[in-house]
Structure formats: C-alpha cells, structure tokens
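*Asks:* Everything below, folded, please.
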Amino acid sequence: MAKVELKGISKVYEGNIRAVDNANITVEDKEFVVFVGPSGCGKSTTLRMVAGLEDISEGELLIDGERMNDTPPKDRNIAMVFQNYALYPHMTVYDNMAFGLRIKKVEKVEIDRRVHEAARILDIEKFLDRKPKALSGGQRQRVAVGRAIVRNPKVFLFDEPLSNLDAKLRVTMRGEISSLHYRLNATMIYVTHDQVEAMTMASKIVVMKDGKVQQIGAPLDLYAYPINKFVAGFIGSPPMNFITVKVTGSGDALELDEGSFKIKPHPNHVADLKKFIGKEVFFGIRPEDLQLVPSQQADSLPVKITVVEPLGADIHLWLTTVGSLAQQVVARTEPIQTFKVNDIVHFVPRLEKARYFDKDTELSALTNAGSKSPIPIAK
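*Replies:* Below you'll find the predicted structure:
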C-alpha cells in the first residue's frame, strides 16, 4: 500500500476563499485515517485533492514519496468510493465492478478472478447478474466498494459513503468497512461529518473546522485530551458540557464559581488554573462524568430537568443550572429512578476528568496533565 503526505496543502477559490488552509497531514502505510468535521469544513475538498479531482492551490501531495500535484487521477493508483455510489445503471453488478479493469485492458481471466474475489469478500456474489436498480442502498454501497477493491489500489478514499443509508444499516456497514480494512491491510482515508463513525472506525482522526486542521490523534486521545473547545464539543456523543465559571481564591485554594454552585478543581488542575484567578473559563465535563447523588453535597451541581430522553440502557437528561445564567447541561445516567421535568436533581462531576478552556481563545487551559503524549498543536 502507500504513505500519503499532505504538506501545507491549500485550496483557494476565486475571491481568495480558502476552502482548505495549510493542511499538514501524514497518513502512514496501512493506516485508517478519518477526516471529520461539520459541513463546509473542507474535509471533502481535501480528499478530492488527494484523488486529483480538485487542483491543489498551494503545498505538496506525496504518495510513497512521489509528488502527485500534477499527476492525473488515473495515474495515482487510488480508488474512491462516493456518497452517491456512482454506479452505471445500465450495467450489471459484474460489469460495474469490471469496467475500470477493462478500460485498463486487464486480461479477461484476471478480471473475472478479481471481481469474484471482491464479491466473495463483500458477500454480493449472488447479485452479480443484477442491475443497481434491483439492489438496496446497502447492496449498492457494497458494489461501489467492490469496484474499488478490484483495482488493487495503493490508497482507498471514502467520501461519506454511508450518509444515504438508514441508521441500522450504517452501523452494519461501519463494521464491514472496518473489517475490510483489517482483511486488506490497506491505506484508507475516510471522510464523514459523523463523529461516531470517526471514533469507531479510525486508527487516527483529523478534526477540521473552517478549512483548518484543529487536531490530529488517536480517537481516545482526542476524546480525553482535546486541544480546544471545538474539538472537545465535536468528539463525543452527547457532546461535552461547557459551563462558564469564575476562578476564585488564591494559592492552591481555588474554587469554580457558577453562581448557583461552587466546586473545587481537581488538585492536578490547580497549577494550570492559577493564571485564570479572577477570570471566567469554560468548565468542560462530559455527560457520562456526571454522577447522580440523592441530595446536595460538597462539589455537587444542583440542576433542573428540562427534557428526559429514555434510551433503554441509559437515560439522557437535559438540564439547566438553577442560577441566573441557567446554563444547559446534559447528563447520562442509568434508569435507576423516575425523572420528571422541572425536578431539581444533583450531580457530582468526576473532576479528574474535567477540562478547562480559555474563554477568549477557547484553547485548552491545561498542560495535558495525565496524558501519555503531548497534545498536537492546532494548525
């Protein structure tokens, strides 16, 4: 397979509109890298520059050390799976999968071997004589993936391939693509706006916003040690809570004052928070790191229930703090009691899991205490 390097890659449209701005990304050989971010963040444009479907305005694209900026797509030895499948409606599944090989004048026997092998891997052998209109969405997507597999490319590119599928089928196809990566031992770059897909499939995630790379790292590293408020809020479902608090006190005796509650930060975070004494910061805590307690106690948050979402194994509670700010909080808890809208309940945050963000820059206020590796610098 192949190593893919993006060195200062930018895409600039007319009017100096920067869809992608100075992206520096390395995809190692056999790695599964997911580009994730909201719509319009530049992730698909970045993928299309790798594919050769968009010209590169600035920077260099290297595949296995070879500069590819001016290499036509057909000569890059890549295969791309599109969001809309892009199958030929008048061709059978077999012919759709074989078409690219026939263009390259691959021998008929070899074409037949590759098509049947890919069909076997994807469990679509019984559909080879059908046309796309006779297939379900999931089956069409398998055909699109099979068409990529038969080419034996150096790099597989996936542009939101599951977005047209229903929720249950998306979960199934997520597992199938991850399994396919394991079996093929291939280099794959995958684009999605769904952070759940990114977390469950990737060996490395690239988080993007407004054309800029925010952070690159393993899924659990980004989840535990986000570099800024955007990454913290984008990775995780439900997203991290952000409560505006004022840092008060002196020395090592600090408190986080919201107005309706005061809590003491974890000892590991005190040194980093000293520089914010007298200032407001975003106190970040994930829904699963809020522990329900029967009554108010030290370091607990009194909150009012606004919405109850029972999900079977757990319950999502949408809450507001009871002070004048009425800040929104989401908690994930077990269905151990009946919750009613407008009830006041109390949660104790796992303060060792808390994250803090500068209110002006939205960058992490912590020096990554407890992390096994430094947080990458946002580009």
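
*Asks:* so where is this structure shaky, pLDDT-wise?
*Replies:* 1, 368-379 (pLDDT under 70).

*Asks:* How is it partitioned into domains?
*Replies:* 4-231, 238-358 (automatic domain parsing).

*Asks:* any idea how far the first one is from the chain center?
*Replies:* Counting by Cα atoms, centre = their mean, to the nearest Å, domain 4-231 is centred 14 Å from the centre of its parent chain.

*Asks:* Span of that domain from start to end?
*Replies:* By Cα to Cα, to the nearest Å, the extent of domain 4-231 from end to end equals 24 Å.

*Asks:* ranking the domains of the chain by burial, who's on top?
*Replies:* Here the criterion is mean neighbour count by mean count of other Cβ atoms under 10 Å, and of the domains of the chain the winner is domain 4-231, at a mean of 18. Every C-beta, even on glycine, is put in place using the N, C-alpha and C of the backbone.

*Asks:* Is it correct that residue 140 falls within a strand?
*Replies:* No: assigned with DSSP: H, G, I helix; E, B strand; the rest coil, residue 140 falls outside any strand and is helix.

*Asks:* What separation do you get for the closest residue to it other than its chain neighbours and residue 245?
*Replies:* Nearest residue to residue 140 in three dimensions, chain neighbours excluded: residue 85, at 4.7 Å (Cβ to Cβ, 6 or more residues apart in numbering). Relative to residue 245, residue 85 is positioned 49 Å away (Cβ to Cβ, to the nearest Å).

*Asks:* And the helices in the stretch 1-150 of the chain?
*Replies:* Remark: helices assigned in the stretch 1-150 of the chain by DSSP state H, counting those that start in this stretch are 43-51, 93-103, 108-122, 137-149.

*Asks:* can you put those in CSV and add distance to residue 176?
*Replies:* CSV is the format used below for the helices of the stretch 1-150 of the chain (distance: least, Cβ to Cβ, whole Å):
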stretch, distance to residue 176
helix 43-51, 20
helix 93-103, 17
helix 108-122, 8
helix 137-149, 8
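
*Asks:* returning to what we had before: make TSV from the domains of the chain and add distance to residue 366 to it.
*Replies:* Shown next, in TSV, are these (distance: least, Cβ to Cβ, whole Å):
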stretch	distance to residue 366
domain 4-231	8
domain 238-358	5
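
*Asks:* For residue 367, find the nearest of these.
*Replies:* domain 238-358 (5.6 Å; Cβ to Cβ).
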